[in-house]
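Engineer: Could you look at this predicted model? Sequence included:
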Amino acid sequence: MPSFNLTDTQEMMVATARDFGRAVLEPAETALDKMASPTEAFASETYKKAMAGAFQLGFHKMTLGQHVGGLGLDHATVGMVWEELARHGVGFAASLVASSVVPQLISFLAPDNKRLIDRYVVPFCEDTTGTHLTAWGSSEPAVGSDGKRYHDLSVHHRTAARRGHEGWILDGEKSAFVSNGGLAKSLVVFACTDKSKGLCGSGAFVVPADAPGVVRGRAEDRLGMRALNQASLSFDAVAVPDDHLIFPPSDAYPMLHHAIVTVGNLATGYLALGLMRAAYEEALAYAKTRVQGGKPIVEHQLVAKKLFDAHAAIESTRALLWKGSWHTTESFPGDLKTSITAKILATRNAIEHTTAMVQVLGGYGITRDYKLEKYLRDAMLLPIMDGTNDTLMLQVTPLL
């Protein structure tokens, strides 16, 4: 049975994330949330300095091996850090989660490709400016969460790859919800190479974001998590060298999709957990000082029940996420059923209990004088991230 005692490394990483979150991420995220223009927000010194600080502390390279300059941390430790960062800045945390997808997949799928390691992985690990963000080009405008239809010719703007003179040529479009899409320096792009093989005719390509023919859309202007850059990507005859195909079409392609969903859902669950904690801690502090009926409202039964229910949800959600991380550490990529269930539970709880924490503050809960209204807006995005909860539920139900 896994231990619930934190190691010295875990305690140090969580404490570092907590201190950085309080001092840097929380004020930066609050400031970016108030900016009307996403373009202005992501060009601001506030965004740049906060992201640079995160890179200087190594939060972007936690799962990468020490031999390439990463921290080499296990998935349980990384999950604890994601929770702590999300507690103070869920948008920044989400960006950092997505930021390492290119070096991670190169390290996992093409560890002997020295050219790719030297070009994409080592510079990423060495970066202290926060500018080496990467992104995963997966979902498409007419597909969304239905990842098994990327190869379908009936889907408009389907991303496809064809043979060129010295490699591959990519054409197509990815949806407006590519995390870091408007800022990334490099991309992993899923594209169909052989429609006759269905999903197994898909491949994963590393693409420099400044390659001729790559076009970024505008940053999405969303309800919440406004510190997370998301933008569409399109490809017009983009030339990609042969060795940038890091996962060729094969019968093993569903395994890659399975691995990404398993790990990605756990990460989203930790984001939801951190955000739920933020809402709970804000409401609890308020309830201890706000007096109504001659006593702090924390002593009123209905308020106390809301706070207890949120506390119980946080503890039970964290336990399931830790189980998912344990599976991933024991046998990568882990257990799909546990990861999806944890993500759905975490994101449902985040909405339910963040809403309840707004009620604890009453009218103040919906004003911008307090943080609860932001937390509620942020929470609304989480059941959609990394596959909508409804789609994921249908995917996991046959595994029960």
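Structural biologist: Everything's here; your move.

Engineer: And the residue nearest to Cys125 when sequence neighbours are not counted, how close does it get to Arg222?
Structural biologist: When the adjacent residues along the chain are set aside, Cys125 lies closest to Gly69, with 3.2 Å between them (CB to CB, 6 or more residues apart in numbering). Every C-beta, even on glycine, is put in place using the N, C-alpha and C of the backbone. Gly69 sits 33 Å away from Arg222, going by CB to CB, to the nearest Å.

Engineer: Kindly report the same for Gly203.
Structural biologist: Taken as CB to CB, the span from Gly203 to Arg222 is 30 Å.

Engineer: Which of those two has more residues huddled nearby?
Structural biologist: Applying other CB atoms under 10 Å to Gly203 and Arg222 shows that Gly203 carries more neighbours, namely 21 against 17.

Engineer: Tell me the pLDDT of that one.
Structural biologist: Looking at Gly203, its pLDDT stands at 92.

Engineer: helix/strand/coil for Pro249?
Structural biologist: At Pro249, secondary structure determined by DSSP: H, G, I helix; E, B strand; the rest coil is coil.

Engineer: and the next element down the chain from the helix or strand where Ile106 lies?
Structural biologist: Ile106 belongs to helix 101-109 when assigned by DSSP states H and E. Counting by DSSP H and E, the element after helix 101-109 in chain order, helix or strand, is helix 114-116.

Engineer: what does that following helix contact?
Structural biologist: 106, 110, 206, 243-244, 246 (CB atoms under 8 Å, 6 or more residues apart in numbering).

Engineer: what does stretch 289-302 give?
Structural biologist: With CB under 8 Å, 6+ apart, stretch 289-302 has contacts from 284, 287-288, 303-304, 307, 360.

Engineer: hmm, try it at 6 Å
Structural biologist: 287-288, 303 (CB atoms under 6 Å, 6 or more residues apart in numbering).

Engineer: ok, those vs Lys174, which is closest?
Structural biologist: Set against Lys174, the nearest of those by CB to CB is Ala287 (44.2 Å).

Engineer: show me where pLDDT drops low in the stretch 201-350 of the chain?
Structural biologist: The stretch 201-350 of the chain contains no residues with pLDDT under 70.

Engineer: what about the strands in it?
Structural biologist: For the stretch 201-350 of the chain, the strands defined by DSSP state E, counting those that start in this stretch cover 202-208, 214-216, 230-241, 245-247, 291-292, 295-296.

Engineer: which of those sits most buried?
Structural biologist: Mean neighbour count (mean count of other CB atoms under 10 Å) peaks for strand 202-208 among the strands of the stretch 201-350 of the chain, with a mean of 24.

Engineer: Just give the strands next to it in its sheet, each with its orientation.
Structural biologist: Strand 202-208 pairs in its sheet with strand 186-192 (antiparallel), strand 245-247 (antiparallel), by DSSP bridges.

Engineer: Show the pLDDT at the residue nearest to Cys125.
Structural biologist: Reported pLDDT for Gly69: 98.

Engineer: tell me the contacts of it?
Structural biologist: Contacts of Gly69 (CB under 6 Å, 6+ apart): 122, 125-126.

Engineer: Need phi/psi at it.
Structural biologist: phi 100, psi 0 (degrees, to the nearest 10).

Engineer: same check, this time on the one 3 residues further on
Structural biologist: Torsion angles at Gly72 (phi, psi; degrees, to the nearest 10) stand at phi 60, psi 40.

Engineer: which residues sit in contact with it?
Structural biologist: Contacts of Gly72 by CB under 6 Å, 6+ apart are 65-66.

Engineer: before we move on, what about Leu25?
Structural biologist: Neighbours of Leu25 in contact, by CB under 6 Å, 6+ apart: 88-89, 92.

Engineer: repeat for Lys288
Structural biologist: 296, 298.

Engineer: same check, this time on Ile246
Structural biologist: Counted by CB under 6 Å, 6+ apart, Ile246 has contacts 109-110, 204, 206.

Engineer: Distance check, it against Gly65.
Structural biologist: 16 Å.

Engineer: Return the per-residue confidence for the residue lying closest to Ala28 once chain neighbours are set aside.
Structural biologist: Closest residue to Ala28 apart from its sequence neighbours, by CB to CB, 6+ apart: Ala50 at 3.8 Å. pLDDT, Ala50: 98.
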